[in-house]
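# Predicted model follows, preceded by the sequence.
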Amino acid sequence: MYIKKECVAMLLAGGQGSRLYALTKDMAKPAVPFGGKYRLIDFPLSNCTNSGIDTVGVLTQYQPLVLNDYIGNGQPWDLDKLHGGVHVLPPYQTAAGASWYEGTANAIYQNISFVERYHPEYVVVLGGDHIYKMDYSKMLDFHKANQADLTIAVLDVPLSEASRMGIMTCDEALRVVDFTEKPKEPKSTLASMGIYIFTWDKLKKYLIENENANTGSKDFGKDIIPAMLANGERLFAYTFEGYWKDVGTLDSLWDANMDLLSPSEPLDLYDKEWKIYSRHDNMPPQYIGASAEVENAMITEGSVINGKVDFSVIFSGVVIEEGAKVQYSIVMPGTVIKAGAVVEYAIVGEDCVVEQNAHIGRSPEEYHENRDEWGIAVVGHNVTVGEGKEVAPKQILSEDI
Amino acid sequence: MIRTNQNVLGLIFASIHDSAVMDLTKLRTMGSVLFGGRYRLIDFPLSNFVNSGISQVGVITKRNYGSLLDHVGSGREWDLARKNGGLHLLPPFSHTSSTIYSGRLDALGNVWSFVEHSNADYVVLTDCDIVTTIDYRPAVAQHIRSGADITAIYAKGFYDQATETSATIFGVGEDGFVNDVMVDPPMTGECNLSLDMYIMSKEFLRRIVKESMSRNRFSFRRDILLDRSANYRVFAYEHKGYYSRIDSLPSYFAANLALLDSKNRDALFTKTAPIYTKTKDNAPVRFGLESHIKNSLIADGCIIEGKVENCVLFRGVRIGKGTVVRDSIITQDTVIGERCSIRNVITDKNVRIADERQLTGSKGYPLFIGKGAQI
């Protein structure tokens, strides 16, 4: 017996995140560490809990081990429920054969029976790779007030960025009249945030039609939304104001972490009314040693800092030895930076060892004449950077050197 | 590597020693005294039991146990929300006398039906005043091997009659059995200090509890350990790991600051036997542009914009610009304003210190600021 739920969330977490290269070699993008003690998926999961949505399906496909482990029974997000809670939904085999999730719409299509168990009126469809805090219940109120079939959360972006995103054109009542993916000449600056609320009966109908039409893409942006628009369904844009960042690339992942250090704090992680929850190991508080110099940084439990840290985000259990220097960088859980090593403008993955006097990344000032050659240096997970070795800007290291 | 030790029951006395640190226990039990940045004292015995495979645990409380109930909840954070065994809170229901618990035996008599109904063959008793990481498995094995009535766990340490209170000291013979017991002896020097952890079979414990109740005796130390006429065979088991004993405000202060030494920290917080505690979902620590931190232990959720040296900061502490905090224990959610100067101070939870305040205690006796005080 399943208790009815008004609203169920479906979280698309199967993407490879190929533009994060070495960081997603062995883990799905939503499992990538972020902001000291989080992983990307903590943001949508915490938003669900804080918005009163207690039934979440997480659709996994690519390298799910770390993600499955991390979600577990959902307890850290208060999603270990008698009724509902978090469910990991991998692709499965049926009497008709086995198939992978072929697109975002197909992934939901294959889990229609999961959604139907709860007889919801509405389904929230979310991505697993965006950093933001959002009250979905307010968006649902907006959806209901408009008697909408689909509400799409949108962000007003600068015109220069609009041609990289899915752009909505709306009338005065915010009803969507046009939707174009990555338009060359944007007609508006309202960009889709990849957050949808569907009235379930409508979504189900379109999912089945899309599946039967066999377009090949089976995607929300390419198929479902255009089809609904063409049929004159009620599509509305819900404007979101606040911090939102797509962390699909190495540069944007680095930027989003650095945003946390901005004095204006666009994303307040200290708000007790809207906590971001995470699963964590039971580590003691961090220790900042007598020889340490720590300024403008975010550091978390289990870390031992004896070196210099400036403008950096340091995750749990990181060791930075005396004489090591970390600046403008992200150092993920369990990594050791040994004496004399320098890490600057870099992302260093989980459980790495940076041996003595190694040098990862360079400051952009050293590249002011050939700026195109400069970029963030990246070291993947479980990599050892040998004594005195260098990782150049823009280099992505996934094997020991 | 957690093995279930089905036949051992752990019992924690959360309220014994409350009087040792009155300032801290005015509003709570010894077990719920804040420690080490993110812990409460009961986290250590609870985690030690769990990491020793003891998954049925009773917590005996006396009064002021609101904060303790809130902290341990269902026991889930210690993996003790179990169908079989798990955590049981045992508040008093005084049926033997009009006063509540006067000693360990009295308390055990009160909760005896809980002990009786557990399927355990052995019982480990501990208090909350010792901060240590200990594996009880070899101690229980040794108890069974030795054929002793009681195994008392002790540690070699320095005893100073001037500062220690309510210390039990054992004389240990060559056969490993206790041959002398002293309470607060007039001496100073290296000795075998009791950690007030005892292992007994349920059968033996039942006998002494019943006998003591029939004679209106209630102190385990006075009526069992010090009573040489009974000829109980007490085996002494030495705990060689790092420990600190909290029996006064200065010792509480020192035990916290001892965690700034990496040797002590590594001994207490190991990878194989983590210390569990209630999760608060605090964000990482944010260090401001002009922050300056030396030799300090800092829990998550703090925002630090000033200067911090030789301190333990608990979860959610705020330290304003231009403020200098030295040699202090600043507990949970304390907010210190700008341009303050703080030294040798212990703040209890939720203390508010306005801008430009100067607070100084002495090294030997820190200044204590009570819960929720506004300065």
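Done, it's in.

# Can you name the residue of the stretch 1-150 of chain A nearest chain B?
Proximity of the stretch 1-150 of chain A to chain B (C-beta to the nearest C-beta) peaks at A:G36, 3.4 Å away. In this view, the C-beta of every residue, glycine as well, is placed from N, C-alpha and C.

# The residue nearest to that residue when sequence neighbours are not counted and B:G66, how far apart?
Distance criterion C-beta to C-beta, 6 or more residues apart in numbering or on different chains; nearest residue to A:G36, sequence neighbours excluded, is B:P284 at 3.4 Å. For B:P284, the distance to B:G66 equals 30 Å [C-beta to C-beta, to the nearest Å].

# do B:R38 as well
20 Å.

# related to what we said a few turns ago, looks to me like the residue of the stretch 1-150 of chain A closest to chain B is in a strand.
No - applying DSSP: H, G, I helix; E, B strand; the rest coil, one finds A:G36 to be coil, outside a strand.

# hang on, it packs against A:A297?
No - look at A:G36 against A:A297 with C-beta atoms under 8 Å: they stay out of range, at 9.4 Å.

# okay, and the common contacts of the two?
Both A:G36 and A:A297 are contacted by A:313-314, under the criterion C-beta atoms under 8 Å, 6 or more residues apart in numbering or on different chains.

# neighbour count winner among these two?
A:G36 (29 against 26; other C-beta atoms under 10 Å in any protein chain shown).

# Now do the same contact list for that one.
Counted by C-beta under 8 Å, 6+ apart, A:G36 has contacts A:260, A:298-300, A:313-316, B:283-284.

# quick one: the residue located most distally from the centre of chain A from A:G340, how far?
Going by C-alpha atoms, centre = their mean, the residue of chain A most distant from its centre is A:A290, 36.3 Å out. Distance, A:A290 to A:G340, by C-beta to C-beta: 18 Å.

# Please apply the same query to A:G85.
49 Å.

# what about the residue nearest to A:G36, neighbour count?
26.

# now B:G364
10.

# thinking it is in contact with B:S251, fair?
No - using C-beta under 8 Å as the test, B:G364 is too far from B:S251 to be in contact (10.9 Å).

# quick one: contacts for the residue sitting nearest the centre point of chain A?
Closest to where the C-alpha atoms of chain A average out (C-alpha atoms, centre = their mean) is A:D129, at 1.9 Å. Counting by C-beta under 8 Å, 6+ apart, A:D129 touches A:15, A:17, A:29-30, A:32, A:40, A:246-248.

# got it, and A:Q75?
B:R76.

# about what we covered before: more neighbours: which of B:R38 and B:G66?
B:R38 (27 against 13).

# any idea how far the residue of the stretch 1-150 of chain A closest to chain B is from B:V317?
With C-beta to C-beta as the criterion, A:G36 and B:V317 are 17 Å apart.

# returning to what we had before: secondary structure, pLDDT and neighbour count added to the contacts of A:D129, as TSV?
Output for the contacts of A:D129, formatted as TSV (DSSP: H, G, I helix; E, B strand; the rest coil; pLDDT from 0 to 100; neighbours: other C-beta atoms under 10 Å in any protein chain shown):
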residue	secondary structure	pLDDT	neighbour count
A:G15	coil	79	21
A:G17	coil	80	23
A:K29	helix	93	27
A:P30	helix	93	32
A:V32	coil	94	26
A:L40	coil	96	27
A:D246	strand	91	18
A:V247	coil	92	23
A:G248	coil	88	17
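
# quick one: which of those is nearest to B:C302?
A:L40 (24.3 Å; C-beta to C-beta).

# Quick check: the closest one touching A:Y132?
No - counting by C-beta under 8 Å, no contact exists between A:L40 and A:Y132, whose distance comes to 11.0 Å.

# Contact partners for the residue farthest from the centre of chain A?
Contacts of A:A290 (C-beta under 8 Å, 6+ apart): A:306, B:294-295.

# Let me know the closest of these to B:G322.
B:K294 (16.6 Å).

# Not counting its neighbours along the chain, what's nearest that closest one?
B:K294 sits nearest to B:E309 (C-beta to C-beta, 6+ apart), 4.5 Å away.

# Next, find the distance separating B:I303 from A:R164.
From B:I303 to A:R164 the distance is 35 Å (C-beta to C-beta).

# So between these two, which is more surrounded?
A side-by-side neighbour count of B:I303 and A:R164, using other C-beta under 10 Å, places B:I303 first with 18 against 14.

# Read off the pLDDT value for that one.
With respect to pLDDT, B:I303 scores 96.
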